[in-house]
Structures are given as structure tokens and as C-alpha cells.
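Trainee: sequence unknown, structure follows:
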């Protein structure tokens, strides 16, 4: 089968397409014929440095999320699963390939009416966005800043915050992303590459109750300074390269709660199921900003790393 290999850590060019043995589903496993592979920012960090939650033994086929059709089952698995459209985590590796074998209980069925590519776009980002909104305990009328609002998680957060009755301030980097967000119906959109962006947020809101921090670094610190007492700051990404430097004692003095939510596997699975259901019902619309064929995984990583992408980036397999 066709696959993409990582044989050394480094720049995007270390992702090299090549042949790989066809996986065979073992006892308790299913084989997924992959139509779309999900790409996440943490995968670009892992490729560059080996940092992240994935196993470091090289060589390996990267990729932690796929969508496709169950093509075969191993011993002890219900053959009725063959032909089912599913999305699935892979356990950390194997996703950048035409086929992948996973435990039979890893895949989630894709609801009728939800296109498979949208389901893949919701696989990781949807559950993350739902987890963040749940942890924030949003209340109607609150003023909420979503950083990296043109990204995969951020674009979903803007929808969930609006649905909760809160007021969204969307922040993104550069005029292209600002225009995209305005085109998606958001009224208050700020370009955080402009030096006066905190002043603009304050002028529009008078202060903030919640910040969803997907950028980190100085942007996050400036957003923190806009929070009123009793505010909450939830960090979910570091597109800027580093987490925000926010000492706990400073937050306590400001009466701001700092949160970096997580959840055990069974809760993440339930959140993914919820995201898929919301997508099927049309209440959660993932933004798929760019697609690459499998062989151009290196180009996909380069685009994500340069922050030139919007929404979700997918690898498409014919």
C-alpha cells in the first residue's frame, strides 16, 4: 500500500512517501480503508522534534486520526461491520496510509447525512471544542474571546459560544483570516497581528469574561490582561510556539481562573460522538480549509507550520 514514512525528526521534508506492507487485522481488530487522514498541529511538532504523546521509535508511519470504510475484520469481530463508514483514532501512528488496522472498538460510526470528510474534521477538533466549552461553564451574555478563531478548533468554538448565548470576539492573524471569519457571519473580528488589537477588543467589549487561548505567547498574555475579575482563561493550543507565561499567583491576584482542560478516554469518546451528532444535525459546521493528496503530506505540514492554513487540513486518498 501507499504510505508516508517518518525516518528521522526534522523539517517537513522528512515526511517521505513510499510503499508499506498491507496491514492485516489481527484478533479483535478491523481494517479501515482510509479516505481522509486528519492532521493536527501537534503532529507537526512531533515530526520536528519527537515531542508529543506519540511513540518515538523510528521509522514509523505518522497519523493519529482517519476516516474511511471498514474493509475487513479480524478473528472474533462481527463481520457485519464490513462496509461501515467510520472515523477512528489510530493509537498515535499509521494514519498517513491507504489502510490501517485498529482495535474493533476504536472506530466510531459516522451518522447518516454527515459527509465523511466533515466527520474526520470533527474527530479531534470537535471533541476538543466541546470539552473547552463545557469546562468554561459559559453563561448567556458573557463576553468571550476566541483566539486562532480561523483554525479548526477555533472556528468550532465560535459556533458553540454563539449557541450558548454568549458574545463572540474572534481573533485571527492576518487580513485573509479576518475576512474569512466575517464571511462566516461573525460581527466582531480582530486581527491580532495589529499592535492595537487589545485596545480594539476592549473598545468592543469593555472587558472579557472568558478567553479561549489557541495561540499562547505574548498574544495570550495580552488577552489575559483583558479579563475582568472572575474571568476564565482556557488554553488549548500554542500556534505562537509557546504556552502563555501566566504565573498562578498573578492569576489569583487578578481573580482569574486558568484552565487547561483534559478528559479520560471514555469522556473523549463521548464528546466525539456528540460532535459527530451535532455535525449531522447541522449545528456544528467544520471548516475544511485545505486538502492535500497523501504524497504531499510534507507540503501539508509546511503549510500548517507556517500558519498559512485555515480550519482543518486533510490528506485525501482516492
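Mentor: Ah, there it is. Fair warning: this is a prediction, and the values are worked out from it, not measured in the lab.

Trainee: so what sits opposite residue 72 in the bridge?
Mentor: Residue 72 has the following beta-bridge partners by DSSP bridges: residue 31.

Trainee: ok, it - contacts?
Mentor: The neighbours of residue 72, taking Cβ atoms under 8 Å, 6 or more residues apart in numbering as the test, are 25, 30, 31, 82. (Each C-beta comes from the backbone N, C-alpha and C, glycine too.)

Trainee: likewise for residue 113?
Mentor: Residues in contact with residue 113, defined by Cβ under 8 Å, 6+ apart, are residue 280.

Trainee: tell me the secondary structure for it?
Mentor: For residue 113, the secondary-structure state derived from DSSP: H, G, I helix; E, B strand; the rest coil is coil.

Trainee: ditto for residue 86
Mentor: Reducing the assignment to helix, strand or coil with three-state DSSP, the entry for residue 86 is strand.

Trainee: need the contact list for it.
Mentor: 32, 67, 68, 69, 70, 107, 108, 109, 110.

Trainee: among those residues, which one has the most neighbours?
Mentor: Counting neighbours by other Cβ atoms under 10 Å, residue 32 leads the contacts of residue 86 with 31 neighbours.

Trainee: that residue reaches residue 99, doesn't it?
Mentor: Yes: in terms of Cβ atoms under 8 Å, residue 32 counts as a neighbour of residue 99; the distance is 6.7 Å.

Trainee: any idea how far residue 181 is from the nearest residue to residue 126 once chain neighbours are set aside?
Mentor: In space, residue 126 comes closest to residue 275 once its chain neighbours are excluded; the distance is 2.7 Å by Cβ to Cβ, 6 or more residues apart in numbering. Using Cβ to Cβ, to the nearest Å, we find residue 275 at a distance of 21 Å from residue 181.

Trainee: got it, and residue 206?
Mentor: Counting by Cβ to Cβ, the gap from residue 206 to residue 181 is 21 Å.

Trainee: SS state for the residue nearest to residue 126?
Mentor: Classification of residue 275 into helix, strand or coil gives helix, according to three-state DSSP.

Trainee: residue 103: how many residues sit nearby?
Mentor: Each residue near residue 103 was counted by other Cβ under 10 Å, and the total is 17.

Trainee: quick check: beta-bridge partners of it?
Mentor: Using DSSP bridges, the bridge partners assigned to residue 103 are residue 29.

Trainee: doesn't residue 31 make contact with it?
Mentor: No: proximity of residue 103 to residue 31 does not meet the contact threshold set by Cβ under 8 Å, at 11.6 Å.

Trainee: nearest residue to residue 25 in space, please, no chain neighbours.
Mentor: With Cβ to Cβ, 6+ apart, the residue lying closest to residue 25 is residue 74, at 3.6 Å.

Trainee: which secondary structure element contains residue 313?
Mentor: Counting by DSSP states H and E, the element that carries residue 313 is strand 312-316.

Trainee: pLDDT of that strand, averaged?
Mentor: For strand 312-316, the mean pLDDT works out to 98.

Trainee: for residue 75, which residues are in contact?
Mentor: The contact partners of residue 75, taken as Cβ under 8 Å, 6+ apart, are 26, 27, 28.

Trainee: what sits against the last one?
Mentor: Contacts for residue 28 were tallied using Cβ under 8 Å, 6+ apart; they are 74, 75, 76, 77, 103, 104.

Trainee: please state the backbone phi and psi of it?
Mentor: Reported as degrees, to the nearest 10, the phi and psi values for residue 28 are phi 80, psi 10.

Trainee: cool, residue 284 as well?
Mentor: Backbone geometry at residue 284, expressed as degrees, to the nearest 10, gives phi -130, psi 110.
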